[in-house]
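Colleague: how does the following fold in three dimensions:
(chains A, B, C and D)
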Number of protein chains: 2
Amino acid sequence: MATSPERFAQARRLSRGIIQTAERVKADFGEIVSALDIPPPLGRAVLELDEPAPMRDLAERLGCDRSYVTNLADGLEERGLIERVPGVDRRVKLLRLTPSGRDVRDRITERIAERSMVLDRLTDEQCAALGPLLDVLLAGDSPAVPTAPCFDEPGPPE
Amino acid sequence: MATSPERFAQARRLSRGIIQTAERVKADFGEIVSALDIPPPLGRAVLELDEPAPMRDLAERLGCDRSYVTNLADGLEERGLIERVPGVDRRVKLLRLTPSGRDVRDRITERIAERSMVLDRLTDEQCAALGPLLDVLLAGDSPAVPTAPCFDEPGPPE
DNA sequence: GACATTGCTTGACTCGCTCAACCATTGGCC
DNA sequence: GGCCAATGGTTGAGCGAGTCAAGCAATGTC
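Modeller: From the prediction side, this is the model:
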């Protein structure tokens, strides 16, 4: 209902704002890690490896395919940032940061803290306001669409 | 300064939230246009073509390379959604929605208005709160963000 | 009339990622 | 103990979304 032009315009404006902000955040991160000579996806991975984790876990955390984690791990290994250590279950390989990897991780977090766009621009109150809004937007991450009988849902059958 | 762990954790939390939200918004849009059998980039383009525009302009609005607009235009033309009409300056080609293109555009806007995640989940006050926050985050010059044209629409709504 | 400029196109390529097929190990079960 | 399905990781092919460099056509400028 209320398919009013204003309503649409507002949805569009906000959606754009969100997307553009995200793109800035990503670009920010990209700059930071690129300065360390690390492609962004590898940087993301490093931040997830505070402690050794099975590749499967990493895939889950990054929300990507396992085969891609193999890829990431190769890249990280080439750069000497991680090593694959066998788990108890010998199918499993744990990715563990090397000293150099920990160093990189620390540099990244340091620089984010220093020059993160979010921290730079938002006051504490604004941060406090933004958090809950995002929570609302992300709440119930199930792809089940609540009240939209319009068209076929992509609902991936589990 | 203030390189405290909490501060970093907060930056990370918010950044993630923003990125995830953006990804959901994108996915939302992707679903909507995919249901119309249109790849997302083409859908984006259609929404920019309320009135015929030179390809160059479109490139600017989409924040992408001109050669890519050629690509998009090809796709849109194949689907019969636009036609290239020569401009006064005969180097220029204007992209103009066909009737079928206008139809698609209307369907998209309609569905966004119906089931946009943003509108679905946020109350009016929350929308009102979110807007300014995004403005703050996006305010100022974008030093190194290539794909972020200005946030505001050049033309006010008609 | 020559020349730089502007607009679009083309083709090759990169990046981030998925998908399908595969091998190795493991655990359940008879 | 032996079979078999399930799980973890790897490989290779491929796709979507773009960029970049080079080129052609029309234009503006001197």
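
Colleague: in chain A, where is pLDDT below threshold?
Modeller: A:1-4, A:140-158 (pLDDT under 70).

Colleague: can you map out the helices along it?
Modeller: Secondary structure of chain A, counting by DSSP state H: helices at A:5-35, A:40-48, A:55-62, A:66-78, A:99-115, A:117-121, A:124-138.

Colleague: same list, those, but as a markdown table with distance to DNA strand C and mean neighbour count please.
Modeller: Backbone N, C-alpha and C define where each C-beta goes, glycine included. Output for the helices of chain A, formatted as a markdown table (distance: least, CB to the nearest atom of the strand, whole Å; neighbours: other CB atoms under 10 Å in any protein chain shown):
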| stretch | distance to DNA strand C | mean neighbour count |
| --- | --- | --- |
| helix A:5-35 | 7 | 19 |
| helix A:40-48 | 4 | 20 |
| helix A:55-62 | 7 | 16 |
| helix A:66-78 | 3 | 16 |
| helix A:99-115 | 15 | 17 |
| helix A:117-121 | 19 | 18 |
| helix A:124-138 | 18 | 16 |
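
Colleague: redo those helices as CSV? Include distance to chain B.
Modeller: Below are those laid out as CSV (distance: least, CB to the nearest CB, whole Å):
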stretch, distance to chain B
helix A:5-35, 3
helix A:40-48, 8
helix A:55-62, 11
helix A:66-78, 16
helix A:99-115, 4
helix A:117-121, 5
helix A:124-138, 4
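
Colleague: need those helices in a markdown table with distance to DNA strand D, can you?
Modeller: What follows is the helices of chain A, written out as a markdown table (distance: least, CB to the nearest atom of the strand, whole Å):
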| stretch | distance to DNA strand D |
| --- | --- |
| helix A:5-35 | 9 |
| helix A:40-48 | 12 |
| helix A:55-62 | 3 |
| helix A:66-78 | 3 |
| helix A:99-115 | 16 |
| helix A:117-121 | 20 |
| helix A:124-138 | 22 |
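
Colleague: quick one, which of those helices is nearest to residue B:119?
Modeller: helix A:5-35 (4.9 Å; CB to CB).

Colleague: who does that closest one touch, helix- and strand-wise?
Modeller: helix A:40-48, helix A:99-115, helix A:117-121, helix B:5-35, helix B:99-115, helix B:117-121, helix B:124-138 (3 or more CB pairs under 8 Å, 6 or more residues apart in numbering or on different chains; DSSP states H and E).

Colleague: what angle do that helix and helix B:99-115 make?
Modeller: Going by axes from the mean of the first three to the mean of the last three CA atoms, to 10 degrees, helix A:5-35 is angled at 90 degrees with respect to helix B:99-115.

Colleague: check the offset of helix A:5-35 from the chain's centre.
Modeller: 14 Å (CA atoms, centre = their mean, to the nearest Å).

Colleague: cool, stretch A:100-116 as well?
Modeller: With CA atoms, centre = their mean, you get 16 Å for stretch A:100-116.

Colleague: contacts for it, please.
Modeller: Contact partners of stretch A:100-116, identified using CB atoms under 8 Å, 6 or more residues apart in numbering or on different chains, comprise A:28-29, A:32-33, A:35-36, A:38, A:43, A:46-47, A:49-50, A:76, A:80-82, A:97, A:119, B:1-4, B:7-8, B:11-12, B:15.

Colleague: any idea how far residue A:62 is from residue A:51?
Modeller: Taking CB to CB, to the nearest Å as the criterion, residue A:62 is separated from residue A:51 by 16 Å.

Colleague: and if you look at residue A:24?
Modeller: Applying CB to CB to residue A:24 and residue A:51 gives a distance of 30 Å.

Colleague: same question for residue A:106.
Modeller: 14 Å.

Colleague: what of residue A:102?
Modeller: 11 Å.

Colleague: residue A:121 contacts residue B:135, doesn't it?
Modeller: No: the criterion here is CB atoms under 8 Å, and residue A:121 misses it with residue B:135 at 10.1 Å.

Colleague: give me the common contacts of those two.
Modeller: What both residue A:121 and residue B:135 touch, as defined by CB under 8 Å, 6+ apart, is an empty set.

Colleague: all set, thanks.
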